[in-house]
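1. Need a 3D model of the sequence below.
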Amino acid sequence: MIEAHDLTKRYGTKTAVDGISFTVQPGRVTGFLGPNGAGKSTTMRMIMGLDRPTHGTVTVNGRPYAEHRSPLTQVGALLEAKAVHTGRTARNHLRAIAATHGIGDKRVNEVISMTGLDTVAKRRVGGFSLGMGQRLGIAAALVGDPQTLILDEPVNGLDPEGVLWVRNLVKYLAASEGRTVFLSSHLMSEMAVTADHLIVIGRGKIIADGPVDSVISDATRATVRVRSPQASDLAARLAGPAVTVTPAQDGLLEVHGATAVEIGEIAARSSIVLHELTPLQGSLEDAYMSLTSEAVEYHSAEIPGQPHAGSHVAAPAVTTGEDAR
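-> The predicted model follows:
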């Protein structure tokens, strides 16, 4: 378990982390999200004792990281995959880490096989690709068979097989072995299928903390797309104080404030033909963009002709009539 209380870090006049409190529970994968410069890396460094908090405390499994007598067996971390001696082989890099805790070659061989490094274990890590370096960093985090795992951008540079392997690994360690897993990523699609719980940080402050589904539902607006040859009649029957109907194109409506079931029942009672009735599910990307819209330090220019960030993801459509064929 990781527990932070009023955690603050200032660098001169700049406040990188601003009085945040959170708990990362064992038995689930907790995702850590935020824009560049939001304070994610600083927070992870304070958890690992690499940066000293200006104020507040953070503990791992009940005590500060520096106070653990056998830290590798308590916490495994990947914060910077390139923090290696480039002249060493992968195996010798892992053996050097393991030797600090009296961990033998058997465990080193296990994590080499586990991370798919068998064929390159005798190669010097200075020649490793980005993906191979990531695998080595994950192997180093796993050497001590730790109770808590902290991974900063673990799938960076990995191929699809590697991404799937990391996803399955962290979910297994959390759900099946009850370990604490805390990981960051900028890949919203991957975080959506990997994490059970999310902590979102922006400008050094926590802006969301909850289960993935709750974070998405709280930060996005439910929409239903309806297509009908009688769209104007349907729009008139749907409109009300709590319902907004927006014509998207001929015969197509976007409805806010009514469910697909409610719309279908109103259409049936009014003998209105529907060719499409599609609930649009807010995605994690939608929620993230909404939550962090005021917390982004580095804004990119929009690309002409491209859809705006935060487009809805359509659930399987309910089709009728000609469109059902």
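
2. does the residue sitting furthest away from the middle of the chain count as helix, strand or coil?
-> Taking C-alpha atoms, centre = their mean, the residue of the chain most remote from its mean C-alpha position is Ser271, at 44.7 Å. Following DSSP: H, G, I helix; E, B strand; the rest coil, we place Ser271 in the coil state.

3. give the contact list for it.
-> By C-beta atoms under 8 Å, 6 or more residues apart in numbering, no residues touch Ser271. All C-beta spots, glycine's among them, are computed from the backbone N, C-alpha and C.

4. Which parts of the stretch 201-325 of the chain are strands?
-> Here the stretch 201-325 of the chain has its strands, by DSSP state E, counting those that start in this stretch, at 205-211, 223-227, 244-249, 252-256, 276-281, 313-314, 318-319.

5. Can you say which of these is packed in most?
-> Sort the strands of the stretch 201-325 of the chain by mean neighbour count, taking mean count of other C-beta atoms under 10 Å, and strand 223-227 sits at the top with a mean of 23.

6. which residue is nearest the centroid of the chain?
-> Note: the chain centre (C-alpha atoms, centre = their mean) maps to Met191, 3.3 Å.

7. any low-confidence regions in the protein?
-> Across the chain, the ranges flagged by pLDDT under 70 are 296-325.

8. possible to save the strands of the stretch 201-325 of the chain as TSV with distance to Asp145?
-> Listed next are those as TSV, based on distance: least, C-beta to C-beta, whole Å:
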stretch	distance to Asp145
strand 205-211	28
strand 223-227	46
strand 244-249	54
strand 252-256	50
strand 276-281	38
strand 313-314	38
strand 318-319	49
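
9. Tell me which of those sits nearest to Ile47.
-> Taking C-beta to C-beta, strand 205-211 is the member of the strands of the stretch 201-325 of the chain nearest to Ile47, at 14.7 Å.

10. The closest one - contacts with which helices or strands?
-> Using 3 or more C-beta pairs under 8 Å, 6 or more residues apart in numbering; DSSP states H and E, the elements in contact with strand 205-211 are strand 14-24, strand 197-202, helix 212-219, helix 284-291.

11. change it to 10 Å
-> Here strand 205-211 touches strand 14-24, strand 29-33, strand 197-202, helix 212-219, helix 284-291, going by 3 or more C-beta pairs under 10 Å, 6 or more residues apart in numbering; DSSP states H and E.

12. right, so of these, which gets closest to Ala248?
-> helix 284-291 (17.4 Å).

13. residues making contact with that closest one?
-> When contacts are defined by C-beta atoms under 10 Å, 6 or more residues apart in numbering, helix 284-291 is touched by residues 31, 33-35, 186-193, 195, 198, 200-202, 207-208, 212-221, 280, 282-283, 296, 308-313.

14. Swap in 7 Å and give it another go.
-> 33, 188, 191-192, 200, 207-208, 212, 215-216, 219-220, 309-310, 312 (C-beta atoms under 7 Å, 6 or more residues apart in numbering).

15. got it, and stretch 113-120?
-> For stretch 113-120, contacts defined as C-beta under 7 Å, 6+ apart pick out Ala90, Ile112, Met132, Arg135, Leu136, Ile138, Ala139, Leu142.

16. same thing with stretch 24-33?
-> With C-beta under 7 Å, 6+ apart as the test, stretch 24-33 has contacts from 1-2, 40, 170-171, 174-175, 178-185, 191, 194-200, 288.

17. Buried among those residues? Need that as a selection in ChimeraX.
-> Selection of the buried residues among the contacts of stretch 24-33 in ChimeraX, burial being defined by 16 or more other C-beta atoms under 10 Å:
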select :2,40,170,171,174,179,180,181,182,183,184,185,191,194,195,196,197,198,199,200,288
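
18. Mind checking which of the contacts of stretch 24-33 are in strands?
-> Among these, DSSP state E puts Ile2, Thr180, Val181, Phe182, Leu183, Ser184, His197, Leu198, Ile199, Val200 in strands.

19. what's the most distant pair in the residues you listed?
-> Spanning the widest gap among the ones in strands among the contacts of stretch 24-33 are Thr180 and Val200, at 18.6 Å by C-beta to C-beta.

20. would you say Ile97 is within a helix?
-> Yes. Per three-state DSSP, Ile97 lies within a helix segment.
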